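Asker: Sequence and predicted model, in that order:
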Amino acid sequence: MRRAVIALWTGALVSTLLAIGTGRTLDDYMHAALVEDGHVLTLYDFFGAERVAELRHAGPFLAWWADDDLSMRFFRPLSSLLLTVDHRLLDGGGLLSHLHGLVWYVALLYVVWRVLSETIGAQAARFGTPLYALSSWHAVPLAFTAARHVHVTAVFALLALLHFCRAVRQRRLIQSSGGFTSSLLAALWLTLGLLAGESAILAVPLAFGWAAGAGGVHSAFKLGAPMLGVATLYGIGYAWAGYGTTASGMYLSPTEVQFYLDLPARWLALSADLFGGVPNDLTLFGLRPLQVAWGSVAVVALAVVLHWVNQTRESRVAPVVGLVWGACVALIPASGAMPGGRALVIPGVAAAALFGHVAQRLVHRPAPETPQRAVHHTMSRPMQTRWIALWVVVFSIGLHPVIRLIIPMDFARLGKEVVTWSRELSAKCAGRVVLGLGMLEASAVYPPVVMRAHGLPTVRAMHLLSMSSQLHELVRLSNDVYELTVGGDFFANPWSRVSRNRPLDAGTVVELDGLRVSVLQTEPQTRLRFHLHAGTPVCWTTSTPQGPALMQVSEQPLSWVPGE
């Protein structure tokens, strides 16, 4: 076991060092511009529906197909304040900012170790903690400074869980009078967590699941009243102030029907990550069907293992099982977040508890009590040990180390690519309207703020006309009129769904800076018409195997597949 633990910590250390060397990338530039404009506590409060037309007009932050009802407003004042500190006192996404993020990651691991020691014991926590540390859930928050709020939120949310678990234990030891102070501390930590990010709410079902397993449902509600009160008041205030998302195909709200239609697939995909070792980040690469299938396998395997664990009737088993059930409930609201493993940073403590408990039990299994049980154990233990050990390796570790290495490298690549691309656009397209056809890169929306950050001459406007990876055909009808036909699904690129949760409507006309977009046809292919405003100087761009690039548009029809 010691060798396995050392290997896990080594993997976590190597991938962490790789992540903190990512450098400034993507949203770091956007946040820098917001801080420069005077924002301090509202860096994640992006826009409401009343600003869609304005942001869509100039692009590229919102594409022309953005829904009129689109809203993306997140209440994260504490995390926003910490980012402001980065941009004003540190290097705004550089090495110092990543070291700042590393401090929160280390703090999170310490809190997780404390939670696991409280819930499954110190011996099991020695295995569960490095499993948690190596998970791919931490790749984005470590590599991407703008996503640090995930770790900041988790530190406070899991401190709330820790004090709540202590409250349950104290109530069991001192009967009716115990645990009240710890219960109030749990509510206080939860409040701080909610000021850092919405995901802190996921600690509530974890706490109730743990308490139900340890002391019964009545005890759970009695001790959890302060936390439940904080969560309820927060939810009411959050909705009243208009926070959350609407009309997005990537972020889903429980107030919309689409959330419930997508819930089964999203829940299984998250389960494939939490209990199956297949990172949810792969959703953005089009692997959702595989994740849903593997999620079903993971849930069945989880049920089998929980049944095996329950047979021991140890004092710690019921609370751990309750914690796992709480995590399964927490995956319901987590399903509304953008697909990615970072939604599992808080529920992940339940998976770490289960895998840690099982691993510790494999190594320190108690001796049989009777001759009959001795025969049973002698015959079954080697087979059970091998099977359960395989389950821990495949379903807990799985592909996490691979994704943990890939994501930082991809963010580093995007960070360098967006600067190079922005310099090229500044040199060749300053003052022009940039039109992107089949732009697949996440960096497609960032050049204007990157140019601003580097003091470069900027473009007049930048519009993404499509992000699909399907066949494109562009025809010039006159000097200022073009038609674009996109085969297959216009929203084939998952990122294109961020700003719309329903199909395009034929007959839609959208006025943008420099041109008008008209939707002529949506089935079986999408056909668009672009009317450039007279005298508008433009630059045409697309995606190539080497990344974004300028393209020449002549009198002859063009046909190409972006990225090929």
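Answerer: Structure received. Keep in mind that this is a model prediction, so the values were computed, not measured. Residues are numbered from 1 along each chain as shown.
Asker: Residue 530: neighbouring residues, count only.
Answerer: When counting by other Cβ atoms under 10 Å, one arrives at 24 neighbours for residue 530. (Glycine included, C-beta is placed from N, CA and C.)
Asker: what about it, helix or strand, and which?
Answerer: strand 526-532 (DSSP states H and E).
Asker: That strand: what's the following helix or strand?
Answerer: Next element after strand 526-532 (DSSP H and E): strand 538-544.
Asker: Can you give the strand pairings for that following strand, parallel or anti for each?
Answerer: Strand 538-544 has the following strand partners under DSSP bridges: strand 433-437 (parallel), strand 547-551 (antiparallel).
Asker: Okay, now the unreliable bits of this structure?
Answerer: 1, 171-178, 312-316, 364-385 (pLDDT under 70).
Asker: Next, find the distance separating residue 199 from residue 6.
Answerer: 31 Å (Cβ to Cβ, to the nearest Å).
Asker: These two: which is more packed in?
Answerer: Neighbours per residue (other Cβ under 10 Å) separate residue 199 from residue 6, with residue 199 holding more: 25 against 11.
Asker: Would you quantify the distance from that one to residue 79?
Answerer: In terms of Cβ to Cβ, residue 199 sits 11 Å off from residue 79.
Asker: any common contacting residues for these two?
Answerer: residue 153 (Cβ atoms under 8 Å, 6 or more residues apart in numbering).
Asker: Which helix in this protein has the most residues?
Answerer: helix 400-429 (DSSP state H).
Asker: Helices of the stretch 301-450 of the chain, start to end?
Answerer: Here the stretch 301-450 of the chain has its helices, by DSSP state H, counting those that start in this stretch, at 317-334, 348-363, 371-392, 400-429, 447-453.
Asker: Those helices: which one's closest to residue 115?
Answerer: helix 348-363 (5.7 Å; Cβ to Cβ).
Asker: tell me which residues in that closest one are buried?
Answerer: Neighbour counts over helix 348-363 (16 or more other Cβ atoms under 10 Å) mark 348-362 as buried.
Asker: got it, and stretch 445-452?
Answerer: So for stretch 445-452, counting by 16+ other Cβ under 10 Å, buried means 445, 446, 447, 448, 449, 450, 451, 452.
Asker: okay, now the nearest residue to the first one once chain neighbours are set aside: neighbour count?
Answerer: Spelled out, it's residue 445. Counting by Cβ to Cβ, 6 or more residues apart in numbering, residue 445 lies nearest to residue 60, which is 4.4 Å off, once chain neighbours are set aside. For residue 60, the neighbour count with other Cβ under 10 Å is 22.
Asker: For the stretch 101-250 of the chain, just list every one of the strands.
Answerer: Counting by DSSP state E, counting those that start in this stretch, residue ranges of the strands within the stretch 101-250 of the chain are 244-246.
Asker: residues in contact with residue 357?
Answerer: Residue 357 neighbours (Cβ under 8 Å, 6+ apart): 120, 124, 128, 309, 316, 317, 320.
Asker: that's a helix at residue 456, yeah?
Answerer: No: Residue 456 sits outside any helix when classified using DSSP: H, G, I helix; E, B strand; the rest coil, being coil.
Asker: quick one: the closest residue in space to it that isn't next to it in sequence and residue 462, what's the gap?
Answerer: Nearest non-adjacent residue to residue 456, counting by Cβ to Cβ, 6+ apart: residue 426, 4.0 Å away. Using Cβ to Cβ, we find residue 426 at a distance of 12 Å from residue 462.
Asker: who touches both of those two?
Answerer: Listed contacts common to residue 426 and residue 462 are residue 447; contacts here mean Cβ under 8 Å, 6+ apart.
Asker: Counting neighbours, go ahead and name the busier of these two.
Answerer: Neighbour tally, residue 426 and residue 462, criterion other Cβ under 10 Å: the higher count belongs to residue 462, 28 against 20.
Asker: rewinding a little: who are the packing partners of the longest helix of the chain?
Answerer: helix 2-20, helix 122-134, helix 139-143, helix 447-453, strand 538-544, strand 547-551 (3 or more Cβ pairs under 8 Å, 6 or more residues apart in numbering; DSSP states H and E).
Asker: try 10 Å
Answerer: In terms of contacts (3 or more Cβ pairs under 10 Å, 6 or more residues apart in numbering; DSSP states H and E), helix 400-429 is packed against helix 2-20, helix 27-36, helix 122-134, helix 139-143, helix 447-453, strand 538-544, strand 547-551.
Asker: can those go into CSV with extra columns for distance to residue 496?
Answerer: CSV is the format used below for those (distance: least, Cβ to Cβ, whole Å):
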stretch, distance to residue 496
helix 2-20, 27
helix 27-36, 18
helix 122-134, 33
helix 139-143, 20
helix 447-453, 18
strand 538-544, 13
strand 547-551, 15
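Asker: out of those, deepest packed?
Answerer: helix 139-143 (a mean of 26; mean count of other Cβ atoms under 10 Å).
Asker: rewinding a little: now, among the buried residues of helix 348-363, which is nearest to residue 134?
Answerer: For these, the minimum distance to residue 134 (Cβ to Cβ) is 10.2 Å, reached by residue 352.
Asker: separation between the closest one and residue 26?
Answerer: Taken as Cβ to Cβ, the span from residue 352 to residue 26 is 29 Å.
Asker: same thing with residue 500?
Answerer: For residue 500, the distance to residue 26 - Cβ to Cβ - is 21 Å.
Asker: cool, residue 251 as well?
Answerer: 17 Å.
Asker: ok, back up a step: export the strands paired with strand 538-544 as a markdown table, with columns for distance to residue 526.
Answerer: Converted to a markdown table, the strands paired with strand 538-544 look like this (distance: least, Cβ to Cβ, whole Å):
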| stretch | distance to residue 526 |
| --- | --- |
| strand 433-437 | 12 |
| strand 547-551 | 19 |
